[in-house]
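Engineer: My questions concern the predicted model and sequence given below.
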Amino acid sequence: MPVMNILQFTDPHLYGRIDGKLRGVETDTTLRAVMADAFANCPDHAALLVTGDLVQDDPAGYIRFRQIFGGLQKPVLCVPGNHDIPDAMRAELRGAPFQIGGTFHAEGWQIVMLDSYEEGEVGGRLSQQELERLDDALTQSSTHALVCLHHHPVHMRSRWLDGIGLANAEDFWRILDLHRHVRGVAWGHVHQDFQGQRGSVRLFATPSTGAQFLPGSDKFAIDSRPPAYRRFTLAKDGSIATQVHWVTAPAARRATG
Ligand SMILES: [Fe+2]
């Protein structure tokens with residue numbers, strides 16, 4: 001395969017109940033619609049990437065997550081978000097196809113997954129141990145790297161979101177600046193599409209598979225954009241092609257109730 005396709009599904013916010021709703025959206029319904037669209041458009045994906053908030057504060061949501069993702073025969077790469085329950089997540093998603101944290105190597109790339117969960121906080125922080133693991137992973141392998149975490153490590157030009165990002169982003173960037181083979185950083189949490197660049201590192205935020213937040217808003221505000229996912233195409237030369245796909249199929253319509 002000359003390139004490797006990765007599908008990112010983020011912030012599904014599942015509940016144990018199939019009809020659980022968050023901000024007017026049935027999160028199980030929209031996730032399934034988004035996945036169906038992604039698999040139809042990109043059947044040759046090498047792995048799935050889920051960048052946090054797998055559940056909405058409900059440990060039974062992991063059973064549903066396992067039902068949806070467990071039989072896909074592709075690696076399901078996960079990091080926790082602020083609405084996750086890390087112990088329950090690790091217990092329910094133990095073993096293949098799930099990988100929580102660590103590094104995934106394939107096709108001349110490494111995907112480094114970081115845990116930015118901080119108990120009792122909406123914002124995130126990388127522990128000293130996690131920062132050291134990041135540095136070690138990037139030291140041990142010089143293959144092209146895509147680094148993933150839940151919380152945004154740059155400002156999103158949104159006052160309320162910028163108060164709940166990665167608290168120690170300077171520590172994160174200090175390590176990345178030492179490793180020139182980092183090609184991109186991808187996150188969830190902000191429920192909106194964003195692309196940027198910091199030096200030679202490309203930056204990607206991805207909309208939720210459910211409801212979205214209004215970009216650029218000073219206060220919490222919901223956007224009317226539909227559920228979405230992101231496709232990454234990672235090339236051997238280290239270049240990244242990517243596109244957000246918004247899914248407006250009837251099955252993914254916003255519930256009105
Ligand atoms: Fe979220």
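Structural biologist: That came through fine. Residues are numbered from 1 along each chain as shown.
Engineer: can you list contacts of the lengthiest helix in the chain?
Structural biologist: The single longest helix within the chain, with elements called by DSSP state H, is helix 27-41. Residues from elsewhere that reach helix 27-41, judged by C-beta atoms under 8 Å, 6 or more residues apart in numbering: 7, 9, 12-15, 18-21, 45, 56, 64, 68, 209-210, 227-229, 231, 245, 247, 249, 251-252, 255. Using the backbone N, CA and C atoms, a C-beta is placed for each residue, glycine as well.
Engineer: gap between that helix and the chain center?
Structural biologist: Offset of helix 27-41 from its chain centre (C-alpha atoms, centre = their mean, to the nearest Å): 15 Å.
Engineer: Report the buried residues of stretch 7-27.
Structural biologist: Judged by neighbour count using 16 or more other C-beta atoms under 10 Å, the buried positions of stretch 7-27 are 7-15, 20-22, 25-27.
Engineer: Which of these fall in helices?
Structural biologist: Using DSSP H, the subset of the buried residues of stretch 7-27 located in helices is residue 27.
Engineer: so which of the buried residues of stretch 7-27 are also by the ion?
Structural biologist: Restricting the buried residues of stretch 7-27 to those touching the ion (C-beta under 5 Å from the ion) yields residue 11.
Engineer: Return the alpha-carbon coordinates of the longest helix of the chain using PDB.
Structural biologist: Output in PDB follows, covering the C-alpha atoms of helix 27-41 (Å, rounded to 0.1, in the frame of the first residue of the first chain):
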ATOM      1  CA  THR A  27     -25.200   9.600  19.900                       C
ATOM      2  CA  ASP A  28     -25.500   5.900  19.000                       C
ATOM      3  CA  THR A  29     -27.500   6.700  15.800                       C
ATOM      4  CA  THR A  30     -25.200   9.400  14.600                       C
ATOM      5  CA  LEU A  31     -22.000   7.400  15.300                       C
ATOM      6  CA  ARG A  32     -23.300   4.400  13.300                       C
ATOM      7  CA  ALA A  33     -24.300   6.700  10.400                       C
ATOM      8  CA  VAL A  34     -20.900   8.300  10.300                       C
ATOM      9  CA  MET A  35     -19.100   5.000  10.400                       C
ATOM     10  CA  ALA A  36     -21.300   3.600   7.600                       C
ATOM     11  CA  ASP A  37     -20.400   6.700   5.400                       C
ATOM     12  CA  ALA A  38     -16.700   6.400   6.300                       C
ATOM     13  CA  PHE A  39     -16.500   2.700   5.500                       C
ATOM     14  CA  ALA A  40     -18.300   3.200   2.200                       C
ATOM     15  CA  ASN A  41     -16.000   6.000   1.200                       C
END
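Engineer: which ones are touching residue 233?
Structural biologist: Per C-beta under 8 Å, 6+ apart, neighbours of residue 233: 3, 4, 5, 240, 241, 242.
Engineer: between the residues you listed, which is nearest residue 100?
Structural biologist: residue 4 (20.5 Å; C-beta to C-beta).
Engineer: dump the residue contacts of the closest one.
Structural biologist: Neighbouring residues of residue 4 by C-beta under 8 Å, 6+ apart: 46, 106, 107, 109, 233, 234.
Engineer: Leaving out chain neighbours, which residue sits closest to it?
Structural biologist: Residue nearest to residue 4 in three dimensions, not counting chain neighbours: residue 107, with 4.0 Å by C-beta to C-beta, 6 or more residues apart in numbering.
Engineer: ok, the one you found - contacts?
Structural biologist: 1, 3, 4, 46, 234, 236.
Engineer: Bridge partners for the most centrally placed residue in the chain, pull those for me.
Structural biologist: Centroid-nearest residue in the chain, with C-alpha atoms, centre = their mean: residue 51, separated by 2.1 Å. Beta-bridge pairing for residue 51 (DSSP bridges): residue 79.
Engineer: quick one, what contacts it?
Structural biologist: So residue 51 contacts 8, 10-11, 79, 81, 148-150, 186-189, 206 (C-beta under 8 Å, 6+ apart).
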